[in-house]
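Q: Whatever this is, show me its structure:
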Amino acid sequence: MVTLLQTVVNYTLFYKGMNMVPGALGAVIVGSQPLVTTLVAAVIQKDDRLTKQKMFTIILGLAGVILISAGRQAFDFGTGIEILGVVLIFVANISTSLSNVLVSMKSKGMNPLVLSSASLFMGGGFIFLLSLPVEGIQHNQFPSEYWIALLWLSFMAAAAFSIWYKLLQRPGVKVSELNMWKFIIPVAGAILSWILVPGENPEWITVAGMFIITISLILLYRNTKDNIQEWNIE
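A: Below is the predicted model:
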């Protein structure tokens, strides 16, 4: 189920959807995943309730994502293909959320390295076979930089998923609260683009979005820490 939801459905719909929408709009839809995960977890898991603190953090986080995206690219929305792209990305978010809840509930005691490698290997193989009748076999000669980047990104994906699954398996960790930290992804992306991409410079609207996201995560951390302390006292 993790292979199907996290790898096959998520990646297939995500990349298809991102090819149909502007980058800024796609970033905002992807940034809504903590909201989607919170709602999915609240429906499935009785101990992961939707609280005012979570909704406040989500609202601030989404506002920050919108500001960062607006600072990098103008929004463009309205054509039929773009609406379809938004739907595909949103369904990919739901699929990822279901996968996270499944890992949290059903994978206790399972080695996260095995879970990560097996889901990526089997899911990647299925997507490759699925792509053959659609795109055919590619005979392009790629430069060495392509293979180096591919190996590096493959390693990073495997390592990140292993750590993520380990965190989901930890006692007391709520799926919704852990996914709130995904708001830090656009912050890291913007900072790395300023460092690595020529012509990318900080803009006040992007910095404002980063500040809002930082505040939302600090508030979430303080609220989570207080809840843990109260639980330990009880």
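
Q: so where's this protein uncertain?
A: Flagging of the chain using pLDDT under 70 yields the residue ranges 24, 71-79, 222-234.

Q: Quick one: the helices in this structure, in order.
A: Applying DSSP state H to the chain gives helices spanning 2, 10-18, 23-31, 33-44, 52-72, 80-106, 112-135, 144-169, 175-179, 184-196, 204-233.

Q: want to throw the ones you listed into JSON lines with mean neighbour count?
A: Any C-beta I mention is one placed from the backbone N, CA and C, and that applies to glycine too. Output for these, formatted as JSON lines (neighbours: other Cβ atoms under 10 Å):
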{"stretch": "helix 2", "mean neighbour count": "23"}
{"stretch": "helix 10-18", "mean neighbour count": "19"}
{"stretch": "helix 23-31", "mean neighbour count": "20"}
{"stretch": "helix 33-44", "mean neighbour count": "21"}
{"stretch": "helix 52-72", "mean neighbour count": "20"}
{"stretch": "helix 80-106", "mean neighbour count": "19"}
{"stretch": "helix 112-135", "mean neighbour count": "14"}
{"stretch": "helix 144-169", "mean neighbour count": "14"}
{"stretch": "helix 175-179", "mean neighbour count": "23"}
{"stretch": "helix 184-196", "mean neighbour count": "15"}
{"stretch": "helix 204-233", "mean neighbour count": "15"}
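
Q: correct me, but G26 touches K16?
A: No: between G26 and K16 there is no contact under Cβ atoms under 8 Å: 11.3 Å.

Q: Just the CA coordinates for stretch 26-39, please, in CSV.
A: C-alpha atoms of stretch 26-39 as CSV (Å, rounded to 0.1, in the frame of the first residue of the first chain):
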residue,chain,number,x,y,z
GLY,A,26,2.1,24.3,-8.3
ALA,A,27,4.2,25.3,-5.3
VAL,A,28,1.1,26.6,-3.5
ILE,A,29,-0.9,23.4,-4.2
VAL,A,30,2.0,21.3,-3.0
GLY,A,31,2.4,23.5,0.0
SER,A,32,-1.2,22.7,1.0
GLN,A,33,-0.2,19.1,1.9
PRO,A,34,0.1,19.8,5.7
LEU,A,35,-3.6,20.9,5.5
VAL,A,36,-4.6,17.8,3.5
THR,A,37,-2.7,15.5,5.9
THR,A,38,-4.2,17.1,9.0
LEU,A,39,-7.7,16.6,7.6
